[in-house]
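> Sequence first, predicted model second:
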Amino acid sequence: MSAATADVATVGHRLALQRRGTVAVLVLVVLLASLRYGDAFYSGINLTSYFDDAVKYSLIALGMTFVIMTGGIDLSVGSVILLAGVAGGLASPYGAVVAVLVGVGTGAAVGAVNGLLIAHSRLEPFVVTLATLLWARGLGLQLADTQTVVYGSGALQSLARDKIFGLTTGFWLMLLLFAIAAVALKYTAWGRTVLAVGDSEESTSLLGVPTRMTKFSVYLLSGALAGLAGVVLGSQTGSVSMDTGVGWELIAVAAVVVGGTLLTGGVGSIGGTLAGLLLLQVIFTIINFENGRGGIEINSYWQNVVRGAFLLVVVLLQTGVGRGRRKAS
Amino acid sequence: MTDPKTEGPLLQMRGVTKSFRGARALDDATMTVGRSQIRALIGQNGAGKSTLIKILTGVYRRDGGEVLLDGRPVDFRSTAEAQAGGVVTIYQEVNLVPKLSVAENIFLGRFPKRRGLVDWATMRAGARDALAKLSLDIDVTRPLGSYRVATQQMTAIARAVSLEARLLVLDEPTSSLAEREVETLFGVMRSLRDSGVSMVFVSHRMDELYEICEDVTVLRDGRTVAEEPLASLNQYELVSKMLGRAAEQVASGARAAARPRQQAEPVLAVSGAASAPRLKDASLAVYAGQVQGVAGLLGSGRSELLRSIFGADPLDGGTVVVSSDAAPIRTPREAIAARLAFLSEDRRAEGIVPHLSVRDNLTLALLPKLTRRGIVDRKRQKQIVTDYIARLGIKAQADQPIVELSGGNQQKVLLARWLATEPAVLLLDEPTRGIDVSAKAEILTLVDKLAADGMGVLLVSSELEEVVSACDDVTVLRDGVSVARVDVERLSEESLMAVMASGEAVPSADSAPNKDKSDD
């Protein structure tokens, strides 16, 4: 009734506000950092590693955005990065195209398994993808024989090395994919259905819309993007080490939430995820930078503490703003 | 043969049967809907109305019998197939997608596209057209959920119209509408009928059936017991067919005199209660042994009053005194400790815990008392549950998930949940909303008995008939202010309506609510 009325009206507003807030904080932090560090902040190494990190997380965060919009979650993406990275690495001697196809194909296959179990067997996304997190990593380690997998030199490396307007090909690839995703969300029936399913799956299916197919598709996409991320990562660093991807799924979830997508589904933004990710990463780059300068001493364990605290603050802001108003019914 | 497209009824369902895990839900159900006809479908909860509708619209598959649309056998396997066949359902709780825009809701599943991409301009224009046919002019880009329920329902109907539905099933569409909104809905239904759309209308409000429907199908225990023109049956005959009882038994008497107050001091005294944004200045008193009613139009602050008494909404001003104890109630926990009980109007969201069993739902508020050293006393729990199932005539097994119960039985479980806490004051917010006539009668009988046993009851209802028959005394709220008190001698639907609409107190010295103020 009117309680729901008020809620719906404010949720959208609140999240839109939050997205603007995220962008504003991002700009502010970058400005402050450049004032404080001057040119050193933009010095090549810093920026490259910053964007490389952003790229590798961004692809899984993008897939995660769609999954979360349907009200689900995909915990398996970190493991899929490893598995697909290994598979792509093993295929890399046959050429860059083969490596990419194998990597993306592996990720998509894992995503399809998730999707089938969730959409058709109606299992809980959390449990299904948790199981996949375990078996995909095990499979990846097995496939690699627990050795670091080296990517053969070739055209693939250009993703990381070649630069256009001073930024890597990988970075532009990321921007392109986000742009396509934003258009797909707003202008395709699929994109609108993703939000509809997340808002009310029951209603959507009663309206005669193929909800299962939609749910299946977001896990397929998430898997494929994680696969791509695995290959991109391998090409960036030239190899895939065995601890690759551990905990990355949570970084992706954090970026999505900070970017103003509702964890329960139905409301979300692609650009928001990108801003959320860049913001989270810029904070860590600054922490690292300060560490390097000896300004502060925070070891890497503390990074996750900061990350967690930051996420909590955002979620508190998200719910706190709404809680001030009372339900009017 | 003549062309079946123009001759004969639009829909014929014959001998339809359906069982769920061995339990017969439908057993020889029949329904015929003519062209350009509005047919009432009635029956108690559990009679099989929902099952029949769901078979018609492809949610369930029937076990036996036949369904003919336009004289041709059909067997819809999904709602999508039913929609393609021109059969669309408007559900009681509007089943659309609240966070998407109005336009998207109308076109979900069939977005207009240009070069493969959603054509927003065409979609918005189409949505505005569809709504204009129902004389509705709203911003179609706003989220559906930001509009009131009545508007959402119109959107659902607009969607059906734009799907070119030939048969519209309206499943209790009026249960959450205010009176004026019901009139608007009926206007739309009539114009749809005149344009050739047939409708099946489900409602528990008898007067509505007579106003809008030509014919009626009555279901009882999964069978069709009557298919007749409405004009041939009066209200009591209709209810008696539904219940399978004699018509004389159905006609209920109105309250002749107030129940006696069992104590001089009110068990609940509210004075000047305010809670932003709706509730401004409400005062009333509830006495042990009496049923105090609250009436008011939608948005008058009825529910807010109960919520703030119970500590579910913050009280910005005024006082609430329970059993002459001036300690403030700030949370539901404190309210329960003060022996208040509150049955919320929103059974689904604020009442039941859907997947828990009847037993767990019933003893939820009681668990702290049932727990010894951290362990629930299962024996006592079982005993209490068995006791209340028998006392309130709840048709369910103790370990059945509560979602499987009919609305009336769910409501009884929730009532039992509170009664088990042995409250001094029972706050009831729309206790009979969305439940069938006989369960409604049972609940009101129970309320009467509780009052007779010494409980104080505060009853909010949007159905004046119910307020009039159940209460000793009614406080009228208007725009968040208690403007009048109507006592049992002057209590009638007309007198209440007059006060609710005009906001003027009945000209009598004792009718001013502020006279009730208790000393604090």
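Happy to help now that I have it. Residues are numbered from 1 along each chain as shown, chains lettered A, B, ... in the order given.

> quick one: contacts of stretch B:75-93?
With contact meaning C-beta atoms under 8 Å, 6 or more residues apart in numbering or on different chains, stretch B:75-93 is reached by A:205-210, B:53, B:56-59, B:61-62, B:67, B:69, B:74, B:109, B:153, B:156-157, B:159-160, B:163-173, B:175-176, B:348, B:434. From N, CA and C alone the C-beta is placed, and that goes for glycine too.

> So which of those residues sit within helices?
Using DSSP state H, the subset of the contacts of stretch B:75-93 located in helices is A:Ser205, A:Leu206, B:Ile53, B:Leu56, B:Gln153, B:Ala156, B:Ile157, B:Arg159, B:Ala160, B:Arg348.

> Can you give me the pLDDT of the first one?
Read it as A:Ser205. The model reports A:Ser205 with a pLDDT of 78.

> count of neighbours near it?
Neighbourhood size, A:Ser205 [other C-beta atoms under 10 Å in any protein chain shown]: 20.

> thinking again about what came up before, return the member of the ones in helices among the contacts of stretch B:75-93 nearest to B:Leu117.
B:Leu117 has its nearest neighbour among these in B:Arg159, at 21.7 Å by C-beta to C-beta.

> pLDDT averaged over the helix or strand hosting A:Val218, what's the number?
Element membership for A:Val218, per DSSP states H and E: helix A:211-237. Averaged across helix A:211-237, the pLDDT comes to 92.

> What's the first helix or strand after that helix?
Following helix A:211-237 toward the C-terminus (DSSP H and E): strand A:239-240.

> what about that next one, distance to the chain center?
Its chain's C-alpha centre lies 20 Å from the corresponding centre of strand A:239-240 when counted by C-alpha atoms, centre = their mean, to the nearest Å.

> and the closest residue to A:Ala255 other than its chain neighbours, what does it touch?
In space, not counting the residues next to it along the chain, A:Ala255 is nearest to A:Leu277; the distance is 3.9 Å by C-beta to C-beta, 6 or more residues apart in numbering or on different chains. Contact analysis of A:Leu277 by C-beta under 8 Å, 6+ apart lists A:Ala54, A:Tyr57, A:Ser58, A:Ala61, A:Ala255, A:Gly259.

> Now those in a markdown table, please, with extra columns for pLDDT.
Below are the contacts of A:Leu277 laid out as a markdown table (pLDDT from 0 to 100):
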| residue | pLDDT |
| --- | --- |
| A:Ala54 | 84 |
| A:Tyr57 | 91 |
| A:Ser58 | 93 |
| A:Ala61 | 96 |
| A:Ala255 | 91 |
| A:Gly259 | 89 |
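
> Helices of the stretch 201-329 of chain A, start to end?
Taking DSSP state H, counting those that start in this stretch, the helices of the stretch 201-329 of chain A run over residues A:201-206, A:211-237, A:248-258, A:270-293, A:300-323.

> Go through those helices and name the closest to A:Gly38.
Across those, A:Gly38 has its closest neighbour in helix A:270-293 (11.9 Å, C-beta to C-beta).

> So what angle separates the directions of the closest one and helix A:248-258?
Helix A:270-293 and helix A:248-258 are oriented at 120 degrees to each other (axes from the mean of the first three to the mean of the last three C-alpha atoms, to 10 degrees).

> before we move on, the earlier item: Produce a ChimeraX select command limited to the buried residues of the contacts of stretch B:75-93.
Restricted to buried positions by 16 or more other C-beta atoms under 10 Å in any protein chain shown, the ChimeraX selection for the contacts of stretch B:75-93 reads:
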select /A:205,206,207,208,209,210 /B:53,56,57,58,59,62,67,69,74,109,153,156,157,159,160,163,165,166,167,168,169,170,171,172,173,175,176,434
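
> For whatever residue of the stretch 201-329 of chain A ends up closest to chain B, what are phi and psi?
At 3.3 Å from chain B, A:Gly208 is the closest residue in the stretch 201-329 of chain A, using C-beta to the nearest C-beta. With angles defined as degrees, to the nearest 10, A:Gly208 sits at phi 80, psi 20.

> from memory it sits against B:Gly109, does it?
Yes: between A:Gly208 and B:Gly109 there is a contact under C-beta atoms under 8 Å: 5.4 Å.

> who does the helix or strand in which B:Val483 is found touch, helix- and strand-wise?
Assigned by DSSP H and E, B:Val483 falls within strand B:481-487. With contacts taken as 3 or more C-beta pairs under 8 Å, 6 or more residues apart in numbering or on different chains; DSSP states H and E, strand B:481-487 sits against strand B:279-286, strand B:473-478, helix B:493-502.

> in that strand, what counts as buried?
When burial is assessed from 16+ other C-beta under 10 Å, strand B:481-487 yields the following buried residues: B:Val481, B:Ser482, B:Val483, B:Ala484, B:Arg485, B:Val486.
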